[in-house]
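**Student:** Structure for this input, please:
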Amino acid sequence: RKPAEEVARRFEFAQALSASHSAQFLHLIDAPSHLLAAAAEGLEVNESLRSLSVESRGSQFTDGMGTLLAMALPRHPRLEALSLQLMDTIIGDEGGAALAAAIGSCPALTSVELNVGGTAVTDAFGWTFGEAIRRNCALEHVSIDLSAAPVTDASFVAMADAIADHQRLRSFMFKADQTGLGHNIGVLFSRAIRQAPSLRVLELDLSDTHAGSCFASSLGAAVAASRTLEGFKFCASGTALADRGGIALAGALKASATLRSFKLYLEDTRISDHTGIALAHGIHRAPALRTFVLRATGTRLTDVSVTHLADAAKASALECFVLGMSGTEVTDTSLEAMAHAAQRHPTLQEVVFEAVGTRISDDAGVAVEKALAQSSGLRSLSLGLGSTEIGDEFVARVASGLAVNRGLAELALEAVS
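**Tutor:** Numbers count the residues shown, from 1 in each chain. As a prediction, this is how the structure comes out:
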């Protein structure tokens, strides 16, 4: 639009936001720069807004825009939730640090989600954001995404310092895949988790970084020692993580009396059946566990791991059981073990088994048919069997089981190629 029209629209939007006494949510998606500026101006005098969400890509969100929004945030007395999805924008340390500092000064803010993946922010931003978490004692939920940004261990250290001793922080999600993190931070972060008195949910994504077995060992020890964690998710796909780290993570599951959700994404790592068996033992010893997820595509896990895990699931109170074994050496034995685990299970509601590119054949259809026919509690079944040896006979078996099943609400069957 022409500059005069943009000014008029900016003024109109700012006036409307300023005068609103009832609007509680504002969600801006790919808004042009003049409307983003108007939102920042309107926020300074709006007192009704509770939640602000901004999604922007490309060149619309700059350092100047970040600074302008940062000036408005601390003046808002009731803003409780802030989500800034700024991935692949041209924001840098100046605008990012200004936003981080403002987050630390928002009096009512309890939830922050900040995605600056693919931007030019560095450790200077990481330190400022860490300090903001530390200063804002009202925060309960924090999510930060630094994926593919030029950050190092220093940013992770700042986050660790922030969550240690934070009295109200209940969930912390940190994503920094494809960065230079992971060299020497395991022990420090482990100490921070132990010191976080209220932490209930911890999610870390350090895929394609230097976070290997040493980091996983420290992390596993910290999770094992926690008396508050209920949800744990760790992504280390594409790293040098091997059985030493995998067994340590399994030890965390085995030692915890509070974990209800345990998710590991260890694709293209060096783990083997030693890790799979250790995780099975962990399921046996985790009384509160309801959700178990293991994504191990491209690893050395075999039927031995799947059989142990399925047997453990069958004797547990799991409600959701997910195994990703694509590109491994699993055979019909694994799918049959999964089917037996689901058969007449008293609590299991969702089963996901992915084995794309493996040697699973029509022979496994008999066990799947029987499981479907006798599993009244199962609500969702997903089988990823593309590029395997299954054919019409397998599908016919599934159809036969469905014909008498009375509980299943969702079935997903991938059989491409």
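
**Student:** Break down the stretch 1-150 of the chain into its strands, ranges please.
**Tutor:** For the stretch 1-150 of the chain, applying DSSP state E, counting those that start in this stretch gives strands covering 25-29, 51-55, 81-85, 111-115, 141-145.

**Student:** Can you lay out the ones you listed as JSON lines showing mean pLDDT, mean neighbour count and distance to G212?
**Tutor:** Every C-beta, even on glycine, is put in place using the N, C-alpha and C of the backbone. Formatted as JSON lines, the strands of the stretch 1-150 of the chain follow (pLDDT from 0 to 100; neighbours: other Cβ atoms under 10 Å; distance: least, Cβ to Cβ, whole Å):
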{"stretch": "strand 25-29", "mean pLDDT": "87", "mean neighbour count": "13", "distance to G212": "38"}
{"stretch": "strand 51-55", "mean pLDDT": "92", "mean neighbour count": "18", "distance to G212": "34"}
{"stretch": "strand 81-85", "mean pLDDT": "95", "mean neighbour count": "19", "distance to G212": "30"}
{"stretch": "strand 111-115", "mean pLDDT": "97", "mean neighbour count": "20", "distance to G212": "26"}
{"stretch": "strand 141-145", "mean pLDDT": "97", "mean neighbour count": "21", "distance to G212": "22"}
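
**Student:** Give me the residue ranges of this structure where confidence is low.
**Tutor:** Residue ranges of the chain with pLDDT under 70: 1-11, 13-15, 18-22, 183.

**Student:** what sits against the closest residue to A242 other than its chain neighbours?
**Tutor:** Spatial nearest neighbour of A242, excluding adjacent residues (Cβ to Cβ, 6 or more residues apart in numbering): R270 at 3.9 Å. Residues in contact with R270 (Cβ atoms under 8 Å, 6 or more residues apart in numbering) are A240, L241, A242, D243, T299, R300.

**Student:** By neighbours, which of those residues wins?
**Tutor:** If you count neighbours using other Cβ atoms under 10 Å, the busiest of the contacts of R270 is L241, which has 29 neighbours.

**Student:** Next, work out how far apart the residue lying closest to it once chain neighbours are set aside and F125 are.
**Tutor:** Nearest in space to L241, with sequence neighbours left out and distances taken as Cβ to Cβ, 6+ apart, is T269 at 4.4 Å. With distances taken as Cβ to Cβ, to the nearest Å, T269 is found 29 Å from F125.

**Student:** for R359, same thing?
**Tutor:** For R359, the distance to F125 - Cβ to Cβ - is 48 Å.

**Student:** Have a look at those two and say which one is more surrounded.
**Tutor:** Just comparing R359 and F125: by other Cβ under 10 Å the higher neighbour count belongs to F125, 29 against 12.

**Student:** Find the nearest non-adjacent residue to the more buried one, please.
**Tutor:** In space, F125 is closest to G96, 4.1 Å off (Cβ to Cβ, 6+ apart).

**Student:** what's around that neighbour, how many residues?
**Tutor:** Neighbour number of G96 under other Cβ under 10 Å is 29.

**Student:** In contact with it, which residues?
**Tutor:** Counting by Cβ under 8 Å, 6+ apart, G96 has contacts D63, G66, V116, T119, V121, F125, T128, F129.

**Student:** Narrow those residues to those in helices?
**Tutor:** Those of the contacts of G96 mapping onto helices are D63, G66, F125, T128, F129, per DSSP state H.
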